[in-house]
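*Asks:* Next one to model:
(2 chains)
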There are 2 protein chains.
Amino acid sequence: MALIVQKYGGTSVGTTDRIKAVATRVKRFVARGDQVVVVVSAMSGETNRLMALAGDMGKSPSARELDVLLSTGEQVTIALLAMALHAESIEACSYTGSQVRILTDDTHGKARIKSIDDKAMRHDLQQGRVVVVAGFQGSDDDNNITTLGRGGSDTTAVALAAALKADECQIYTDVDGVYTTDPRVVESARRLGRITFEEMLEMASLGSKVLQIRAVEFAGKYQVPLRVLSSFEEGEGTLISVEGDQPVEAPLVSGIAFNRDEARVVVRGVPDTPGVAYKVIGPVSDANIEVDVIVQNVAADGSTDFAFTVHRNELDKAQAITESVAKDLNAREVSVDANICKVSLVGVGMRSHAGIASKMFQTLAEVAINIELITTSEIKISVVIEEKFMELAVRSLHAAFDLDQPV
Amino acid sequence: MALIVQKYGGTSVGTTDRIKAVATRVKRFVARGDQVVVVVSAMSGETNRLMALAGDMGKSPSARELDVLLSTGEQVTIALLAMALHAESIEACSYTGSQVRILTDDTHGKARIKSIDDKAMRHDLQQGRVVVVAGFQGSDDDNNITTLGRGGSDTTAVALAAALKADECQIYTDVDGVYTTDPRVVESARRLGRITFEEMLEMASLGSKVLQIRAVEFAGKYQVPLRVLSSFEEGEGTLISVEGDQPVEAPLVSGIAFNRDEARVVVRGVPDTPGVAYKVIGPVSDANIEVDVIVQNVAADGSTDFAFTVHRNELDKAQAITESVAKDLNAREVSVDANICKVSLVGVGMRSHAGIASKMFQTLAEVAINIELITTSEIKISVVIEEKFMELAVRSLHAAFDLDQPV
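*Replies:* So this is what the prediction gives:
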């Protein structure tokens, strides 16, 4: 017997039949004696329908009223799922975010959870009821309805699991787990049985969009074991947990992430004085451009080269700003390249093992891929290369590190 | 400057364009300095859409969850109307029933309002904001969402008007007021400028379905002036208020109501002993059959005739019950007639004037209509006649009492 929080996204509750399928799945857990809290999103398509209605009302609808409108989406789903559970002879009770109560700050559209009252939920669970909670929403100190923003239902699920000290938080999606890399690029990509929060964060932020980063951070912070599984197929999915839970023979590398949408800016011949990095990156950040990789070479002859990457859509803006800064700094030149990509090895194992970087560079050299930039962190090595070599690089690395072999 | 509560039903907010038209109308009141609270229903069609979703989930959905589901209908409308008001540069804030808070009992699907917290609304009104409230809904002591049942939005509007001591409660519908009788039956039927609560109750219960009886009762009890107007045309509508507000030369008869859906049951030769009325009507009521007219003649030769009317759909059931009772009572016979109708004159003026009944009977006699049953109250005289004479009776009475003439 365990206390489990399950989250089903919009596709998993997209039709009344799918909602019934969710009820059937929940029933299996109830039958084996588990206490179950289910968090649901709006039925797929519903949020778009509501946004279209709001769009008819004028250009920039009030954030407060948009939250009132959008929060009805999950409210419909919780009522329908509770009814479907009743039809399966399972006692169940639905709660909106404000009924729980999930107290948030008042940043409409992307509110942060401040606290969760677990009293009503605990009472229901003790009575043998399944608790059905609307994801993505809460209410502020003045009882205004708020929404948590994109991926908010994942965050709701993790936050409820933390508040209830659940044994596991299960996120049901349309994929059956986290893979060593994108199976569309490497056919032999393998589902990972386990992965650490840190690895998942590196994988997620680099493009494996299975889970919202915010939910993973939250789960890591409160050490809520998180499992990603498919709501359409059977399977164990991928368990994301703290490192201590990993088997001792953890693989050196857990997965390979990549990102095609980057562009590189290089400033050459910048006089090497303190504060140069800030002088270059500051104005770019101030323009709300997100900077990803930042590399600065050691100075030679009193000047240095400075490189960074941004999202490809923002290259023009970043270039203009950088050229203006370069002029002020008396830098030699600014050059940009939109045809690059980033490939990263991720794995907690590499922390205690030397030689991974050199094996990575060797592998790429063997297939004649030139590395333009390198950055490293404790559990990640990223290289920036020409975009046309991306698939080749990912496939070669996947094979070189035996990621297609079962652990 | 006045404090006005306005209520717009499902048809009046049936599309985003109509919601914008409501915003334009509200703007006119704001422009002349009024404080406005707007109560809205779900967009027409929405409740049926939600009921269909619930229907997919199983046969008899839980009343609690049905309320969670249906209450989203008005929640969508309040958000959209607030946005439409913002687009007209009017400050506005929306409230669900539970946000107001409208506290109800826990009878899901037909909850009764227990109290209304006017603090937040008053604060908004004082700040110059329009307050937009979801009709038809509230929440119980445990913050479960409840709905007030059919016509609940009218009740919400009247209750808010009473709590705020509003100067007027305006109910916008698809008709432009209360008429002397149904204009489809009498072409010269005239819109009434004013009518008392009592008259409206008699008119409503007899078939002029402009307003929900419950809302009129509520308005009468708290003496909230109630105005019925069209949301599609301009006009003064009909003001429903207490009698004291009426001009002294109130007309004797205000209107003519009628009801086609009745059927008559007569028990003849019932031994005239105490408790007979109860013995006949009791079992019919116990079977949840609503009894309308009840007439008992004076006894002759120790026995009496007893007649009552029920809804035509329930005649068979009522007949079976009555025949069984008649046997027990040693009554002579039971006869039924499904081809009858009821026509009623309504008017507070008749309370202080004799001769109205006789003029009514004379008018019907002149067109050779036979009266089968007669009942009277303080402000109403009803006759049961053959159904085929209904239009003739209504037209003749409408002319005889000069109802087509302006007051």
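*Asks:* And the lowest mean pLDDT element among the helices and strands of chain A?
*Replies:* helix A:197-205 (a mean of 82; mean pLDDT, DSSP states H and E).
*Asks:* buried ones in whatever helix or strand comes next after it?
*Replies:* With elements assigned by DSSP states H and E, the helix or strand that comes after helix A:197-205 is helix A:213-221. By 16 or more other C-beta atoms under 10 Å in any protein chain shown, the buried positions in helix A:213-221 come out as A:Arg214, A:Ala215, A:Val216, A:Glu217, A:Phe218, A:Ala219, A:Gly220. No exception for glycine: its C-beta is placed from N, CA and C like everyone else's.
*Asks:* could I get those residues as a markdown table with pLDDT?
*Replies:* Shown next, in a markdown table, are these (pLDDT from 0 to 100):
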| residue | pLDDT |
| --- | --- |
| A:Arg214 | 81 |
| A:Ala215 | 86 |
| A:Val216 | 88 |
| A:Glu217 | 86 |
| A:Phe218 | 87 |
| A:Ala219 | 91 |
| A:Gly220 | 91 |
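*Asks:* from those residues, which is closest to A:His108?
*Replies:* Checking the buried residues of helix A:213-221 against A:His108 with C-beta to C-beta, the nearest one is A:Arg214 at 16.9 Å.
*Asks:* which residues touch that closest one?
*Replies:* A:Gly151, A:Asp154, A:Thr155 (C-beta atoms under 8 Å, 6 or more residues apart in numbering or on different chains).
*Asks:* Confirm for me that the last one is in contact with A:Val216.
*Replies:* No. The pair A:Thr155 and A:Val216 does not pass the contact test of C-beta atoms under 8 Å, sitting 9.8 Å apart.
*Asks:* Can you name every helix or strand that the strand or helix carrying A:Val22 contacts?
*Replies:* Assessed by DSSP H and E, A:Val22 sits inside helix A:16-31. Other helices and strands packing on helix A:16-31, by 3 or more C-beta pairs under 8 Å, 6 or more residues apart in numbering or on different chains; DSSP states H and E, are strand A:3-8, strand A:35-40, helix A:63-87, helix B:46-56.
*Asks:* Please could you give me each C-alpha atom of it, formatted as PDB?
*Replies:* Coordinates of the C-alpha atoms in helix A:16-31 are reproduced here as PDB (Å, rounded to 0.1, in the frame of the first residue of the first chain):
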ATOM      1  CA  THR A  16     -14.700  11.200 -22.400                       C
ATOM      2  CA  ASP A  17     -13.500   7.700 -23.400                       C
ATOM      3  CA  ARG A  18     -10.000   8.600 -22.400                       C
ATOM      4  CA  ILE A  19     -11.200   9.900 -19.100                       C
ATOM      5  CA  LYS A  20     -13.000   6.600 -18.600                       C
ATOM      6  CA  ALA A  21      -9.600   4.800 -19.400                       C
ATOM      7  CA  VAL A  22      -8.000   7.000 -16.700                       C
ATOM      8  CA  ALA A  23     -10.700   5.800 -14.200                       C
ATOM      9  CA  THR A  24     -10.000   2.200 -15.100                       C
ATOM     10  CA  ARG A  25      -6.200   2.700 -14.500                       C
ATOM     11  CA  VAL A  26      -6.800   4.400 -11.200                       C
ATOM     12  CA  LYS A  27      -9.100   1.500 -10.200                       C
ATOM     13  CA  ARG A  28      -6.100  -0.900 -10.500                       C
ATOM     14  CA  PHE A  29      -4.200   1.100  -8.000                       C
ATOM     15  CA  VAL A  30      -7.200   1.400  -5.600                       C
ATOM     16  CA  ALA A  31      -7.700  -2.400  -6.000                       C
END
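*Asks:* That one vs helix A:63-87, what angle?
*Replies:* Counting by axes from the mean of the first three to the mean of the last three C-alpha atoms, to 10 degrees, helix A:16-31 points 60 degrees away from the direction of helix A:63-87.
*Asks:* Give the buried residues for helix A:16-31.
*Replies:* Applying a neighbour-count criterion of 16+ other C-beta under 10 Å, the buried positions in helix A:16-31 are A:Thr16, A:Arg18, A:Ile19, A:Lys20, A:Ala21, A:Val22, A:Ala23, A:Arg25, A:Val26, A:Lys27, A:Phe29, A:Val30.
*Asks:* Please apply the same query to stretch A:41-50.
*Replies:* A:Ser41, A:Ala42, A:Met43, A:Ser44, A:Glu46, A:Thr47, A:Leu50.
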